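> curious how this folds, go ahead:
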Amino acid sequence: MVDLSTTYLGLKLKNPLVASASPLSEKVETVKELEAAGISAIVMYSLFEEQIIHESLELDHFLFYGTEISAEIDSFYPQSGKYTLKADAYVEQLMKIKQAVKIPVIGSLNGVSSGGWTKYAKKIEQAGADALELNLYFLPTNPNQTATQIEDNYITLVHDIRSSINIPLAVKLSPFFTSIPNIAKRLVEAGANGLVLFNRFYQPDFDLEALEVVPNLILSTSNELRLPLRWIAILYGQIKADLALTTGIHTAEDVVKTTMAGASVAMTASLLLDQGINRIPVLLADLEKWMTVHEYESIQQMRGSLSQKSTAEPAAFERANYMKVLNSFKSMP
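So this is what the prediction gives:
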């Protein structure tokens, strides 16, 4: 019998498939369906820093962004639809979910400022969350703000939240750093128990008829797996933290690649939103079948086997392979 169990943030999970933050956690019934389908843990839908600031009228926090406050800023706030969970309602929802399911529930905060933010980290812990995921989603627009300043703000935030809670803390970050290994190391030193690679920057589109900038959400595909796969393979064994891969998990082979790179879990949302919760048992069955055919007895046996430190060709992850890849391309006749 194949052993699919894994450990993430000190949590023992029955398999490596975790539901990442998405609207699926807005309803207790849906989370129960996820559990019944075989998901090993869920990350709660994110509580956004903007929601807390807007709710408490602490608009001076936006000075961190270097943004001039005006009446127009209200149009960017999550006022309706899927982004309407208020801070206290979010905590109540987490409590209801914890009471309804047995799988681990990970709270999610999306923000980049310190201060009152730690208050809600404590509330999420008190509500029963098994761990907390901090999503560092920040798009710098001020040319006077340096990369060092931004990274130092991240480190301060992680340190402050780590000091305020006792549950495990994971940090979800973007791939847009000059040195991912260095910021990963600093985040772990500041108190992160795990790193989630990567969050997705949702790019706006232009409506040429209305001459407006409009939101545009596009779900991921397996083609997006390569970026986080590469960096997890590089970081595995170099930092003392669990690694989670998110973005691009759609098939059993995606989960296998994720594990072989060195990740403890594979997080998915787009697959579930696009094809439904009933894809979970199919994916898990395919995973078990693949492992049986290839004579793997456990997830642990596979983990990190294709990481940079374990592969016979570590240069494949580095610049040394850049020219080789380009030269291997053959144009159409």
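
> okay, helices next: where are they in the protein?
28-37, 49-56, 87-100, 117-126, 147-164, 180-189, 226-235, 252-261, 270-275, 279-293, 299-302, 322-328 (DSSP state H).

> and among those helices, the most buried is which?
Comparing the helices of the chain by mean neighbour count (mean count of other CB atoms under 10 Å), helix 252-261 comes out on top with a mean of 23. Yep, even glycine has a C-beta here, placed from its N, CA and C like the rest.

> packing partners for it?
Judged by 3 or more CB pairs under 8 Å, 6 or more residues apart in numbering; DSSP states H and E, the packing partners of helix 252-261 are helix 226-235, strand 265-268, helix 279-293, helix 299-302.

> where are the low-confidence patches of the stretch 201-333 of the chain?
Applying pLDDT under 70 to the stretch 201-333 of the chain flags the ranges 201, 312, 315-333.

> hmm, 80 instead?
For the stretch 201-333 of the chain, applying pLDDT under 80 flags the ranges 201-204, 215-218, 311-333.

> now do the stretch 1-150 of the chain
Applying pLDDT under 80 to the stretch 1-150 of the chain picks out residues 48-87, 111-117, 137-139.

> test my guess that E125 contacts L132.
Yes. Assessed by CB atoms under 8 Å, E125 is found in contact with L132 at 6.9 Å.

> related to what we said a few turns ago, any chance of the helices of the chain in TSV, with distance to T6 too?
Shown next, in TSV, are these (distance: least, CB to CB, whole Å):
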stretch	distance to T6
helix 28-37	17
helix 49-56	31
helix 87-100	21
helix 117-126	23
helix 147-164	23
helix 180-189	19
helix 226-235	14
helix 252-261	8
helix 270-275	19
helix 279-293	12
helix 299-302	5
helix 322-328	32
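
> circling back to that earlier point, Throw the helices and strands packed on helix 252-261 into JSON lines and include distance to V91, thanks.
As requested, the helices and strands packed on helix 252-261 are exported to JSON lines (distance: least, CB to CB, whole Å):
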{"stretch": "helix 226-235", "distance to V91": "30"}
{"stretch": "strand 265-268", "distance to V91": "22"}
{"stretch": "helix 279-293", "distance to V91": "27"}
{"stretch": "helix 299-302", "distance to V91": "33"}
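
> so A269 sits against V18, correct?
No. A269 lies out of contact with V18 (CB under 8 Å); the separation is 9.8 Å.

> more neighbours, the two?
A side-by-side neighbour count of A269 and V18, using other CB atoms under 10 Å, places V18 first with 29 against 22.

> which residues does the more buried one contact?
Neighbour list for V18: Y8, I39, S40, A41, I42, V43, A244, V265, A266, M267, T268 [criterion: CB atoms under 8 Å, 6 or more residues apart in numbering].

> and which of these is nearest A184?
Nearest to A184, judged by CB to CB, of those is A244 at 12.6 Å.

> burial count for N110?
If we define neighbours as other CB under 10 Å, then N110 has 20 of them.

> now for it: which residues touch it?
By CB under 8 Å, 6+ apart, the contact list for N110 reads S46, L47, F48, E49, N135, Y137.

> again, but for R279
Going by CB under 8 Å, 6+ apart, the list of residues near R279 reads L271, L272.

> quick check: closest non-adjacent residue to L24.
The shortest distance from L24 to any non-neighbouring residue, by CB to CB, 6 or more residues apart in numbering, is to T30 (5.2 Å).

> please apply the same query to A192.
In this structure, A192 finds its nearest non-sequential neighbour in V171, 4.5 Å apart by CB to CB, 6+ apart.

> wait, doesn't that neighbour sit right on E189?
No. V171 is beyond contact range of E189, at 11.8 Å (criterion: CB under 8 Å).
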